[in-house]
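Q: this one's sequence-less:
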Ligand code: 3H9
């Protein structure tokens, strides 16, 4: 291991520079070197103050997540911060880049903080199923007040340096050179005598009755959507102890919670997803240099097209949104305006920023307008011939180095590409609706997609703040192919005896934000109906609903009914009669199904399809499937994804249940996939592949 801490001296100031690429995580070597360096700063009479800073692209972005779950090796981060508390000389933190988690705790342990203007500061631990574990929940409320601290810690969202300065989290902003500014600050504070410690500063904590009521209301609002997650509640618990307990007892309470969470199943699953997300766009042929992208054209201003346009505009890119006629274009632009008006109304964006983003999207008529774009995303209606014709025309209009992406949910990307004269420039970018919100993008690798075309799509997806997962070309790719199994199983479960609300309740209890039938109503039932008809397939209940004009929320009724203007599903006796009648016609005697049985019958066929997808190499690794389901389909992150879940249950048990389901329903397609059978026989997991 190279040197992880560079120590140098400038006059009477010691500069401790952490050098642990890529993100200066606080691994054991860094912690040990810091304690040693702080000891020697305190001992050295020639030193008046110290600076903690970092080499590379960022100040410390957190503890080293890879060390969690392994035996703890002292000095711990809390020992480093205790050492800071015990210093006789002031220590100043020079912040830039992403000052996160343990990095922010280290900074809060220092006696002064200065930040470059572009710095982002936050506690993302909650996203790993954790709370800050080295004093963050006790020192942040002392620095910024309980409510701001609570919001930062429970949401995990970072704030910008300017806001941090306004809240008192940093003492100064460095307008010019950070290194010069921090030295000047260190020289000034060196003259002031004993260091100022946050542990001694309770001024912002003095919560009166009103403040306390506001704190409780904020806590309740922030945890409302926590759905099965333990960490958000634990964050509230820890921050509240900053108000209720003396500092050292608060620290002790925080540590106890952290230790419990870090050893628990939820955080383990969430840490697994953290690394899985970073792996999902890596692999052979995926590390080419991306082509530069500044100008983007989106073809089609429908639901997907305008949502994708907003995603690009949100990331600061100029977008040309193209339609075939003025009326359709205007409807798309109105939808864009409505999205930004909503964001401004909810306080997510200032009215000025919302307007800035809206005007980044220029609406025009005619494909020719795409000619100078670096990247085109075709998002026209999901119809093979239409998409083929649009892509073929784009290929003739645009520059030879432009990248052409098709946003398709099911279609054969190779067949689309081969209808153009530039198949190497083409790939799939499958966005999820609403495209400006959902994080997943399936990057569909065509047989001929050039390596730098793939790299460009991956880089741009990251720039949009999305999670790219590279998948192979095959009907429905990964996510929708598995979803189809779940939808078929859901129909079977209704026929067997369950009602829509029972199925939805079971899946929500499992941790999905919405049950499959509520989702179907939201998405619209007619698309699936049309697809089934085209393929000669039948789903007696879903078909009967569509035949009765029940297309979901848009028609005010689907699996549920909806009061005018409401999105709340209500049980509908008419639907329940259709379900019962369908069972009767199929000769099935209806019976009660438990929540557990419903969950197994919906999820195991999906997992089985995942095995086939892995066998066919449509997904390169088991964890890619988990990334897709967590980010695109609402799979509860604390359960780690369907393949992670399958491994946890044990593949032999899933194999046996699938066999039983196949036999009971006389449905061969439910028989366990060869890969699942082989792994189960060998006592292995999907992740061992
Ligand atoms: C914590 O601090 C607990 C404390 O309260 C105290 C405990 C007692 N550790 O994301 P990128 C790797 S919990 C280890 O692609 P970007 C990452 O895997 C932590 N590795 O870059 C990747 O490796 P590879 C709280 C880490 O520029 C590489 O660095 N902090 C860590 O898009 C580049 O990452 C967090 O949760 C880490 N902490 O984004 C912050 N962080 O190249 C987590 C990154 O092999 N990190 N790696 O795939 C992030 O959010 C982003 O990485 C960051 C940079 C925004 C920093």
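A: Great, that's in hand. Just so we're clear, the structure is a prediction, and the values are computed from it rather than from any experiment. Residues are numbered from 1 along each chain as shown.
Q: State the mean pLDDT of the helix or strand containing residue 9.
A: If you go by DSSP states H and E, residue 9 is part of strand 5-10. On average, the pLDDT along strand 5-10 is 97.
Q: got the buried residues for it?
A: residue 5 (16 or more other Cβ atoms under 10 Å). All C-beta spots, glycine's among them, are computed from the backbone N, C-alpha and C.
Q: Show residues contacting that strand.
A: With Cβ atoms under 8 Å, 6 or more residues apart in numbering as the test, strand 5-10 has contacts from 14-19, 30, 33-34, 37, 46-47, 55, 183.
Q: Go again with 10 Å.
A: Outside strand 5-10, the residues that touch it by Cβ atoms under 10 Å, 6 or more residues apart in numbering are 14-20, 29-34, 36-37, 40-41, 44, 46-47, 50-55, 179, 183, 186-187.
Q: all strands for the stretch 501-650 of the chain, in order.
A: Using DSSP state E, counting those that start in this stretch, no strands are found in the stretch 501-650 of the chain.
Q: and the strand holding residue 9, how far out from the chain's middle?
A: 38 Å (Cα atoms, centre = their mean, to the nearest Å).
Q: Okay, now the sheet partners of that strand, with direction.
A: With DSSP bridges as the test, strand 5-10 is paired with strand 13-18 (antiparallel).
Q: Please see if the helix or strand just after the strand it pairs with touches the ligand.
A: Moving toward the C-terminus from strand 13-18, the next helix or strand (DSSP H and E) is helix 28-43. No - residues of helix 28-43 contacting the ligand under Cβ under 6 Å from any ligand atom: none, with a closest distance of 10.0 Å.
Q: helix or strand right after helix 28-43?
A: Following helix 28-43 in sequence, per DSSP H and E, is strand 49-54.
Q: In that next one, which residues are buried?
A: Across strand 49-54, burial judged by 16+ other Cβ under 10 Å covers 49, 50, 51, 52, 53, 54.
Q: The fifth one and residue 59: what is the separation?
A: Translated: residue 53. 7 Å (Cβ to Cβ, to the nearest Å).
Q: just the first one next, same as before
A: Distance of residue 49 to residue 59, given as Cβ to Cβ: 18 Å.
Q: Please report phi then psi for residue 77.
A: The phi/psi pair for residue 77 (degrees, to the nearest 10) reads phi -60, psi -40.
Q: these two touch, right, it and residue 107?
A: No - in this structure residue 77 lies outside contact range of residue 107 using Cβ atoms under 10 Å: 11.9 Å.
Q: When these two are compared, which one has more neighbours?
A: Higher neighbour count among residue 77 and residue 107: residue 107, with 29 against 26, using other Cβ atoms under 10 Å.
Q: Hmm, the more buried one is touching residue 60, no?
A: Yes - the criterion here is Cβ under 10 Å, and residue 107 meets it with residue 60 at 8.0 Å.
Q: Between the two, which contacts overlap?
A: 52, 93, 95, 99.
Q: shared neighbours, residue 53 and residue 59?
A: The contact sets of residue 53 and residue 59 overlap at 18, 24, 93, 94, 95, 96, 178 (Cβ under 10 Å, 6+ apart).
Q: what helix or strand is residue 179 on?
A: Under the criterion of DSSP H and E, residue 179 resides in helix 178-190.
Q: Next SSE downstream of that helix?
A: Downstream of helix 178-190, the first helix or strand assigned by DSSP H and E is helix 209-223.
Q: Show me what counts as buried in that next one.
A: Residues of helix 209-223 classed as buried: 215, 218, 219, 222, 223 (neighbour count, 16+ other Cβ under 10 Å).
Q: One more: stretch 261-278?
A: Neighbour count says stretch 261-278 has 261-262, 264, 266-273, 276-277 buried, by 16+ other Cβ under 10 Å.
Q: one step back: which of the contacts of strand 5-10 are buried?
A: Buried members of the contacts of strand 5-10, scored by 16+ other Cβ under 10 Å, are 14-18, 20, 29-34, 37, 41, 47, 50-54, 179, 183, 186-187.
Q: domain ranges for the chain?
A: Annotated domains of the chain cover 5-262, 295-475, 498-590, 596-688 [automatic domain parsing].
Q: now those as a markdown table including distance to residue 489?
A: Below are the domains of the chain laid out as a markdown table (distance: least, Cβ to Cβ, whole Å):
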| stretch | distance to residue 489 |
| --- | --- |
| domain 5-262 | 22 |
| domain 295-475 | 18 |
| domain 498-590 | 9 |
| domain 596-688 | 5 |
